[in-house]
Every structure is written in structure tokens, then in C-alpha cells.
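Peer 1: One predicted model, sequence on top.
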Amino acid sequence: MNLCSKLVFFYLSLHFTMLHFTIMSHAQTFTVSEDLRTKYYEEEFERVNDDLTSFFDQVEKGEIKADLIIGSHQPFVKSFLEYFKDLSKIENGEETQFAIPELVNFYSIGNNQFMLKMVWPNKENATGINSIADFVVDLSTDKIKYGLPLDYRTRYWKKETIGTVTYYFRDEINKARANVFNQKNLEFAKKFNLDPQVLTVYMVDQYQEFLDLTGLRYYPEDNGKCRDGYGVDQGLIFAIDNNEDFSHDLLHLYMGLKYDYLDRNRTAEEGMAYDLGNAYYTDAAGEMIELDFLIEELKTYIKKNSEVDLLKLYTSDEKIFKYIAPEISVQRTISGIFYREIERRKGFDSAVDYVLSGRTQRLKGVFLKIEEHLGINKENFNEQLKMLVGF
Ligand SMILES: [Zn+2]
């Protein structure tokens, strides 16, 4: 989920009236706010000011030189800084133009490093703000380097490695959950016949905290978003609801490493991720919701609603589990039941074959494969599913 969520930003400014935007295709790459106070670090500011044009030139081209990146997790940092291009891109008919960002803050964070705050204009309205991002420049060598605020903003955090996974956190981690996640990583690697992924997890309370740590101070498309994660990007994970077990998206990652995107049936793969990983979201107690639990809840639902048309419930994906968590899907639960049963009866290769029924096929692909592997079709769907749920 949100694995490749690109950053698209818009915002109506209330008080940044000092911003004056120019939209140009080339040449000027940024402006400096008239209100910027640089008197404390004039020399350093001049150095950065001279260098930023070349940096934003690279951003505009979507390719920042790797030796300009500083900090931990540099492949992640590089790809994240390259998103700046999307913050400034303005589609104007055939032509793509780039809105010029304005530098509005510049201050020392120690060790020859400075934090910069940049504001991008609104795509629709040149008097508004599209997005705001903080980033770090390092002046300790001849060549100015660039990074995210992630290291700085987590500098007092603790760090602990559990097997293949390194956690960064404030107080403590739940070792039982961390062990489950490590075991899942090893289990997936074995199943897919790949090396286990080496992973880093930042324990954040919610999605907005991820945005703050990475410097995306304003990101309107994600306004109000709390319970989502950011997938696994270059081995880096930001936890959902401060939960150590990110195995749902880890399963998607392994599938992506091994199989072609267009072959992967999303409905079936969500079932696989529900079964082998978890349901991605946490319950009210902050625990990951597991397929075993959802199967019991589905059984209870069927008992209470004896006339329910399960085929219709599956295809409509009616939100019957809202009381557990608003995002939980009965369609994914049932897809998970099919996945589990195919793997139990016929093994992992057949279960993968069910998932590889095509990106565009969705339910059509699922029905083809459950007929092939389990003999389930639209006619016997109700009775067969009831049997699998334990009636
Ligand atoms: Zn998923």
C-alpha cells in the first residue's frame, strides 16, 4: 500500500504573502525570501546560495549525483530528494514547467550542517503554497552535500537490531513483535528462495510523523492521513501505529522482487499478504490484525446472518469489519482463505500461481484459479466457503 505514492502537493496559503513566484522552464532554480535572516551565518549562506542552483538543476533533471548525498540510508535519501522535482512540476498542456521554490529559512544544526526550508508555489494559484520541505546541507568538506532531516530529528533515539531488522525508536520496542517480524522475513526469504532482506524500521506513531522526520512539512495529498505506512523503500520502513511487524508490505516486496508487476493479481495478492503477513492495520489495542482472527469473525458474522449471500459479500467487499478497524476488507479476508487453502492442499507453487493471475484480471482471475485449484465456482461458492471457514 502506498508503495509508490508520489508526492503531489497543493495548498492555499493564508499568510505567506511575501512569496512572489515566477514560473520558468530553465535558468533560475530558486528564489530567496526577502524575510530570510542570514546575518548569523553570512559566509555559510553565500556558499549554499552559490551551490543551490546546481543542486536544483539536478533535482529538475530527476537525478541527483550520489556523491552529493549525506546521512544514513543514502539510496532512500537520494530518491526522496528527487521527489522535489514533483513538488515543482507544473503541467501546462504539452509543456512541463517548473515552479521556482523559495528559500524561507536557514539555520545551523551544528557540525557544519544547516537546515533549509523551501516553499513551492501552488500549481493552480500562484499566490498559494503547494508544499513545504526541509532538507539539510553539509558544509564540512569542499563539496556541499545534501540530506534529509531524518538523522538530525532522530539523533536522540535508541537503536537495536533484532535478527535481520534494525529498529530506531524513542523508548522501547516490543521484542515479541520484533521477533515475529524477523521470523517472517526469514520465512519469506526461504519460501521465495531469496536472501533475507536487510531492513531498517523507524518506529513512528503515525504517517504524519514519517512526513515530519523526512522533512515533508507540508504535503496536502496526505493531509489527515494517519494509519497508512510508506511501504518498504530501499529497505527502509516507517512503522504503522508504532507496530514492529510490517510483514504485510514485506510480502508485497518479496513478490515484487520475484515476479512481474503485471502478472500479480492484486485481489489474490492481498489475500496472500493477509495470510502470510497480516491485515496491515492495527486493532484498537495497537496489535496487528491477523487472518486467523478474521476467519473467526467471519464465521460469527455468517452465524448471525444465516441467509447471507457470500458470493455477493465477496464481490461487493461490504465493510462488515468496521468495528475491528475501518480498513479491514472481507474480500481480502476471503482471498486469504483461498490462498491458505491452495497452499495447504497443493503447495506454495500452486498458491503463487493463484496470485499470478494477472494485474488486470482481479476477481475474474481469482475465479479462474479457485476453480482450477480448489474446484470452487460461483455455483458452489457459498457452501465451499462455509466449509473452509469451519462450518
Ligand atoms: Zn497490501
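Peer 2: Okay, I see it. Model, not experiment: these values are computed from the prediction.
Peer 1: Nearest residue to the middle of this protein?
Peer 2: The residue lying closest to the centre of the chain (CA atoms, centre = their mean) is residue 230, at 1.4 Å.
Peer 1: What segments of the stretch 201-350 of the chain are strands?
Peer 2: 236-238 (DSSP state E, counting those that start in this stretch).
Peer 1: Could you check how far the residue nearest to the centre of the chain is from residue 213?
Peer 2: Separation of residue 230 from residue 213 (CB to CB, to the nearest Å) stands at 11 Å. In short, each C-beta sits where N, CA and C put it, glycine included.
Peer 1: which neighbours do the two share?
Peer 2: residue 238 (CB atoms under 8 Å, 6 or more residues apart in numbering).
Peer 1: returning to that earlier point: what residue, apart from its backbone neighbours, is nearest the residue nearest to the centre of the chain spatially?
Peer 2: Leaving out its chain neighbours, the residue that sits closest to residue 230 by CB to CB, 6 or more residues apart in numbering is residue 238, at 5.1 Å.
Peer 1: Check what pLDDT that neighbour gets.
Peer 2: Looking at residue 238, its pLDDT is 95.
Peer 1: For beta bridges, what are the partners of it?
Peer 2: residue 202 (DSSP bridges).
Peer 1: doesn't residue 229 make contact with it?
Peer 2: Yes - using CB atoms under 8 Å, residue 238 is in contact with residue 229, at 6.1 Å.
Peer 1: shared neighbours of the two, which are they?
Peer 2: Listed as contacting both residue 238 and residue 229 by CB under 8 Å, 6+ apart are 207, 210.
Peer 1: isn't the residue nearest to the centre of the chain right next to residue 246, touching?
Peer 2: No - counting by CB under 8 Å, residue 230 stays clear of residue 246, with 10.2 Å between them.
Peer 1: Spit out the residues that contact those two alike.
Peer 2: With CB under 8 Å, 6+ apart, residue 230 and residue 246 have common neighbours residue 237.
Peer 1: Can you tell me the closest non-neighbouring residue to residue 160?
Peer 2: residue 167 (5.4 Å).
Peer 1: and that neighbour, what pLDDT?
Peer 2: Residue 167 carries a pLDDT value of 98.
Peer 1: So which residues of the stretch 201-350 of the chain form helices?
Peer 2: With helices called from DSSP state H, counting those that start in this stretch, the stretch 201-350 of the chain shows them at 207-214, 247-258, 266-272, 291-304, 310-316, 330-346, 348-355.
Peer 1: contacting residues around the fourth one?
Peer 2: Read that as helix 291-304. By CB under 8 Å, 6+ apart, helix 291-304 touches 274-275, 278-279, 308, 310, 320-321, 324, 328, 330, 333-334, 336-337, 340, 386, 389-391.
Peer 1: could you give the angle of that helix to helix 330-346?
Peer 2: 110 degrees (axes from the mean of the first three to the mean of the last three CA atoms, to 10 degrees).
Peer 1: Please apply the same query to the first one.
Peer 2: Relative orientation of helix 207-214 with respect to helix 330-346: 80 degrees, computed using the same axes, to 10 degrees.
Peer 1: by contact count, what packs against helix 207-214?
Peer 2: When contacts are defined as 3 or more CB pairs under 8 Å, 6 or more residues apart in numbering; DSSP states H and E, helix 207-214 sits against helix 150-153, strand 236-238.
Peer 1: repeat that for 6 Å
Peer 2: With contacts defined as 3 or more CB pairs under 6 Å, 6 or more residues apart in numbering; DSSP states H and E, the packing partners of helix 207-214 are helix 150-153.
Peer 1: Would you mark the buried spots in the helix it packs on?
Peer 2: 150-153 (16 or more other CB atoms under 10 Å).
Peer 1: same deal with stretch 213-220?
Peer 2: 213-216, 218-220.
Peer 1: mind showing which ranges of this structure have poor pLDDT?
Peer 2: 1-28, 123-127 (pLDDT under 70).
Peer 1: Outline the domain layout of this structure.
Peer 2: 23-147, 154-258, 262-391 (automatic domain parsing).
Peer 1: so the residue nearest to residue 338 when sequence neighbours are not counted is in which element?
Peer 2: Residue nearest to residue 338 in three dimensions, not counting chain neighbours: residue 370, with 5.2 Å by CB to CB, 6+ apart. If you go by DSSP states H and E, residue 370 is part of helix 363-374.
Peer 1: Whichever helix or strand comes after that helix - contacts with which helices or strands?
Peer 2: Once the chain leaves helix 363-374, the next helix or strand it forms, by DSSP H and E, is helix 381-389. The contact analysis (3+ CB pairs under 6 Å, 6+ apart) places helix 381-389 against helix 310-316.
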